[in-house]
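Asks: A predicted structure for the sequence below; I have some questions about it.
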Amino acid sequence: MNTRQNLPHASYRIAGVSILVIVALVAMAIALVGGGGAAPLLLGDAGPVVRWGLPTAKLLSNLSVSVMLGSLVLALFSLRAGERQYDVALDTASVGAAVFTVTSGVAAFFTFLVSFNPQLSLEREFGAQLGRFLFELPLGQAWVVTVLIGAIVTIMTFAARGWTITLLTTVLAAASLLPMATQGHSGDLEGHVAAVNSILLHTVGAAVWLGGLLLLVVLRTARLRDEPTAPQKTQHQAQQRGKKKADATPLVSVLQRYSSLALVAFIVVGISGLVRSLVAIGAWEGLLTGYGAILLVKTVLLVSLGAFGAWYRLRLIPKIGLGGEKEGKRFWMLVLAELALMGAASGAAAALARTPPPVGEEPPAVRTPAEILTRSKLPPELTLDRWFTQWDIDILWVMAAAFGVVFYLLGVRRLRQRGDTWPIHRTVLWLFGMVMLFWVTCGPMNAYQEYLFSVHMLGHMMLSMALPLLLVSGAPVTLALRAITKRTDGTRGAREWILWGVQSPYSRVLTHPFVAAGVFIVSLWAFYFTDIVRWAVTEHLGHEWMIIHFLITGYLFVLSLIGADPVPYRLPYPGRLITLIGVMAMHAFFGMAIMMQSGLMVAEWFGSMGRTWGPTPMEDQYIGGGIAWSVGEIPTLILAVTVAIQWSRADAKVEKREDRHADRTGDAELIEYNAKLAALAERDS
């Protein structure tokens, strides 16, 4: 190993990390002073150490969670398990997770000091007060969960190196952002849901973007350090000649794949940041405040980062792939500049969290029952026109529907460009399903589901029965497997992960017809006849879980009956109809059970809204049961008709195949069969 050659590369890695952290700290300090976030409180100020320590700890926590999550995502989609680069990525994620755990614990302690301004001491009273904050208050509980998840991810990234365990670790790392996202906008004003979802999306997108870029610096350093020196190259090449696979994924391929991830992250960060800004500033006058000034600077930095990404994606990376040494040096210098801009944006974001927004988070002095329960004003009476004009936008599902439309159309376009065909009816059904998903999650059902049980039930039926019927008919998995380019270097892209999901043992269990039908029915009854329904209607996280759960369970059930996408096993058509009839019966019993309820479900919620319009809560619950019994059976009837049509077509195909076989063989099988019958008859006689 040539130490003299390796020193510049190690210095490059140190320079990248140092630039990121130093610029972030400087930007945070300037933004705190300029925006007023560092000013002492008039009452109960905890002192300068806490005022500056809390945003600093949060900044370091944000940077480290980016290293943790970004490294894991880039490893899953760009590197090959078992190679050294993959191990370096997981080691980097482990370091990020460890720093995230420590800094989150420090931030939790500073948050306690800011919230209660206690006198620091070793007395029992101080410990009891800290314990109540951490284990009884929602904000403290969120910090405890965050620290615990960070510790678990640290252990998992350090100890595990396989594909599946890395995927689970990545999901857990992303989940570590949930607790603080739900507490990041704790006000009782309208816009709480939009703020929570935009914070979550913004944080995840920024983490993948920044963490992936920082991992590129680490991978470049590690890769060049392991390259043989000039005197050793001839011997090294002789040893490697005859191997079919390289020892490491080419760095240019990693750059191209990161560029695609960064593009998606940029879109997510930009849109979610816009929504969060609209909630925070309220009107245009809010831009003239200190908060607005920091927000404008952050916006300029985001646009600059997007320009950087577009430049090296379209200009520099292709030239590097062709062996452009000059462009390669210029690219890595641009990476350092981009890290500086990301550091400035991260510092501004940390300062924004401590700067009072123009729209305050203090609730009004007098609130209606609906405002106390839902943090929003009671909407007007639900009339016919408001089924088309009333909206309550959920940015999470807006982006899900938008990406679903874009990726599907891109897949169809790729097939047509290479001369393949794709049924137009599948495209129409998928697009209609995405439009319906947007309408259900962002339209009148979302606006009224907290106040009317009947609307809540209608949304449930749409999510679990109507929407899956459209989405399954679009055959998205088949389209993806045909349109996405197959990788041959041992890494896993979107196509490989989809194949893993289809062929994994988990898929064999979940897509089995009996399991899918059982989960579909059991979850329906368990949801409404346990406290799960209370969690789903009273908590934002529960509401989002409800949407995801019923959408997935409905999709798997419909897929097992009529789907064109590949699954390990499907029942014969008679078995499918019998299963469907059983599900229809259980679904009808469920609707009647709701209608026969003598008490109000979640009475402290639906019975305490203070509505002066519409049916009474008990009448509304009766209507909801009727919707589950009647309206919910319409998609089931369509499913039954579709299964019958597919059965008929399958029989027709079998008959045509047998006729063609008979024409080719001259009815040889029939002649042989008749001869056997004649021989048996002659023997019997």
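Replies: Okay, I see it.
Asks: Only C-alpha atoms from now on, for both contacts and neighbour counts.
Replies: Noted.
Asks: Just the terminal-to-terminal distance for stretch 34-50.
Replies: For stretch 34-50, the separation between the terminal residues is 18 Å (C-alpha to C-alpha, to the nearest Å).
Asks: before we move on, what about stretch 452-467?
Replies: One end of stretch 452-467 to the other measures 21 Å (C-alpha to C-alpha).
Asks: Could you chop the protein up by domain?
Replies: Listed by automatic domain parsing, the domain ranges of the chain are 12-227+253-354, 387-660.
Asks: Could you look over these and pick the most buried one?
Replies: Comparing these by mean neighbour count (mean count of other C-alpha atoms under 10 Å), domain 12-227+253-354 ranks first with a mean of 20.
Asks: Quick check: closest non-adjacent residue to Ala516.
Replies: Nearest non-adjacent residue to Ala516, counting by C-alpha to C-alpha, 6 or more residues apart in numbering: Phe557, 5.0 Å away.
Asks: give the contact list for the one you found.
Replies: Residues in contact with Phe557 (C-alpha atoms under 8 Å, 6 or more residues apart in numbering) are 511, 513, 516-517, 520.
Asks: Quick one, which of the domains of the chain gets closest to Leu373.
Replies: Nearest to Leu373 among these is domain 387-660; the distance by C-alpha to C-alpha comes to 7.3 Å.
Asks: ok, then the element right after the helix or strand containing Gly127?
Replies: Assigned by DSSP states H and E, Gly127 belongs to helix 124-135. The first helix or strand that comes after helix 124-135 along the chain, using DSSP H and E, is helix 138-159.
Asks: residues making contact with that following helix?
Replies: Counting by C-alpha under 8 Å, 6+ apart, residues outside helix 138-159 touching it are 90-91, 93-95, 97-98, 100-102, 104-105, 108, 112, 133-135, 165-166, 169, 172-173, 176-177, 179-180, 183.
Asks: still on that earlier bit, any idea of the angle the helix holding Gly127 forms with helix 138-159?
Replies: The directions of helix 124-135 and helix 138-159 differ by 70 degrees, with axes from the mean of the first three to the mean of the last three C-alpha atoms, to 10 degrees as the criterion.
Asks: From the chain's centroid, how far away is helix 124-135?
Replies: The chain centre lies 35 Å from the centre of helix 124-135; the measure is C-alpha atoms, centre = their mean, to the nearest Å.
Asks: Export that helix to PDB, keeping only CA atoms.
Replies: Output in PDB follows, covering the C-alpha atoms of helix 124-135 (Å, rounded to 0.1, in the frame of the first residue of the first chain):
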ATOM      1  CA  ARG A 124     -34.600  12.600  43.400                       C
ATOM      2  CA  GLU A 125     -37.200  15.300  42.500                       C
ATOM      3  CA  PHE A 126     -35.200  16.200  39.300                       C
ATOM      4  CA  GLY A 127     -35.000  12.500  38.300                       C
ATOM      5  CA  ALA A 128     -38.700  12.000  38.900                       C
ATOM      6  CA  GLN A 129     -39.500  15.100  36.800                       C
ATOM      7  CA  LEU A 130     -37.300  13.900  34.000                       C
ATOM      8  CA  GLY A 131     -38.900  10.400  34.200                       C
ATOM      9  CA  ARG A 132     -42.400  11.900  33.900                       C
ATOM     10  CA  PHE A 133     -41.300  13.900  30.800                       C
ATOM     11  CA  LEU A 134     -39.800  10.800  29.100                       C
ATOM     12  CA  PHE A 135     -42.400   8.200  29.900                       C
END
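Asks: what's that helix packed up against?
Replies: Packing partners of helix 124-135 (3 or more C-alpha pairs under 8 Å, 6 or more residues apart in numbering; DSSP states H and E): helix 138-159.
Asks: taking the mean pLDDT, what do you get for the helix it packs on?
Replies: Across helix 138-159, the average pLDDT comes to 91.
Asks: ok, then the element right after it?
Replies: Immediately after helix 138-159, counting by DSSP H and E, sits helix 163-175.
Asks: what does that next one rub up against?
Replies: For helix 163-175, the external contacting residues (C-alpha under 8 Å, 6+ apart) are 68-69, 72-73, 76, 81, 149-150, 153, 156-157, 160, 204.
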